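Asker: Can you look at this prediction? I've put the sequence above it.
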Amino acid sequence: MSFDATVLTMFPEAYPGPLGVSLIGTAWREHGLWTLETVDIRQFSKDKRGFLDDTPAGGGPGQVMRADVIAAALDSVERRGRPLLYMSARGRPLTQARVSEWAKGPGLIVLAGRFEGVDQRVLDARGFEEISVGDAVLAGGEAASLVAIEACVRLVPGVLGQAESLSEESFEDGLLEHPQYTRPREFEGLEIPPVLLSGHHADIGKWRKAQREAATRERRPDLWAAHLANQQAKGE
């Protein structure tokens with residue numbers, strides 16, 4: 001069974017973007033481990049000019065995408081048990097835990113909105129979950145949808161090769177990833193940490209763990225607090 005992603009968008013030409021290159025692109029085009037489909041929301045407008053937005057109820061700037069047009073676009077897609085996501089700055093944060101959950105399923109259906117947003121009624125009526133990729137506002141949901149889909153697809157078995165390469169990445173166990181190095185041994189006066197060249201795997205493991213903990217403590221105190229609480233609960 002493949003992971004099937006469908007995006008409802010006003011701009012199908014924005015895809016596949018980065019999803020069509022490197023190992024992820026190969027896994028799609030050559031191996032069929034996942035699929036990508038776009039649905040042009042404009043095609044479901046009843047307006048001759050293809051308009052799918054209207055003025056906000058209650059007044060205010062900008063335009064709002066109509067519930068009936070989005071519903072028609074969604075209803076043209078076979079859902080097959082796939083979660084519905086709406087990429088929104090007001091949504092719950094995208095997390096590795098949710099990504100891991102979605103990656104084990106049949107795929108995603110993602111709504112990429114535009115303008116001032118979409119009519120709340122279609123989100124409520126169809127059961128969309130609002131998801132944010134960060135505390136910043138984008139011009140539309142296309143870039144955010146690419147982030148969400150890529151995060152899932154890279155976890156699909158066979159897409160990136162060896163599963164063990166994913167085990168020490170950021171967020172997999174609540175910590176950020178350790179820094180990485182490769183040749184040359186010296187670059188602009190900076191050398192690879194000697195422990196990484198020692199050949200002592202136990203020492204390398206301890207160093208990497210310490211680096212992960214230090215980075216998390218410094219850069220993401222929220223994750224560090226959660227990590228400590230988890231360790232305490234486990235009695236470690």
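Answerer: Nice, thanks for sending it over. Residues are numbered from 1 along each chain as shown.
Asker: and Gly32, what does it touch?
Answerer: The contact partners of Gly32, by CB atoms under 8 Å, 6 or more residues apart in numbering, come to Ser2. All C-beta spots, glycine's among them, are computed from the backbone N, C-alpha and C.
Asker: Actually, Val77.
Answerer: Shown in contact with Val77 (CB under 8 Å, 6+ apart): 6, 8, 37, 39, 109.
Asker: Go again with 7 Å.
Answerer: By CB atoms under 7 Å, 6 or more residues apart in numbering, Val77 lies in contact with 6, 39, 109.
Asker: And for Arg42?
Answerer: Arg42 makes contact with 10, 50, 52, according to CB under 7 Å, 6+ apart.
Asker: Quick check: it vs Leu8, distance?
Answerer: Noted for Arg42: a distance of 11 Å to Leu8, by CB to CB, to the nearest Å.
Asker: List the pairing partners of the top strand by length along the chain within its sheet, with orientation.
Answerer: Assignment by DSSP state E gives strand 84-93 as the longest strand of the chain. Strand 84-93 sits in its sheet next to strand 107-111 (parallel), strand 129-132 (parallel), going by DSSP bridges.
Asker: looking at the ones you listed, which is closest to Gly161?
Answerer: Proximity to Gly161, assessed across those by CB to CB, is greatest for strand 107-111 (21.0 Å).
Asker: what's around Thr151, how many residues?
Answerer: For residue 151 the amino acid is Ala, not Thr. Neighbourhood size, Ala151 [other CB atoms under 10 Å]: 19.
Asker: In three-state terms, label it for me.
Answerer: Three-state assignment for Ala151 (DSSP: H, G, I helix; E, B strand; the rest coil): helix.
Asker: residues touching the residue nearest the centre of the chain, list them.
Answerer: Residue closest to the mean C-alpha point of the chain, counted by CA atoms, centre = their mean, is Ala148 at 2.0 Å. Contacts for Ala148 (CB under 7 Å, 6+ apart) come out as 85, 87, 94, 110, 131, 133.
Asker: again, only this time at 8 Å
Answerer: Neighbouring residues of Ala148 by CB under 8 Å, 6+ apart: 85, 87, 94, 99, 108, 110, 131, 133.
Asker: Arg183 sits in which helix or strand?
Answerer: If you go by DSSP states H and E, Arg183 is not part of any helix or strand.
Asker: ok so, going back, name the SS class of the residue nearest to the centre of the chain, please.
Answerer: Secondary structure for Ala148, judged by three-state DSSP, is helix.
Asker: now it: how far from Glu116?
Answerer: For Ala148, the distance to Glu116 equals 21 Å [CB to CB].
Asker: who does the longest helix out of those in the chain touch, helix- and strand-wise?
Answerer: The longest helix of the chain (DSSP state H) is helix 201-219. Applying 3 or more CB pairs under 8 Å, 6 or more residues apart in numbering; DSSP states H and E, we find helix 201-219 packed against helix 221-234.
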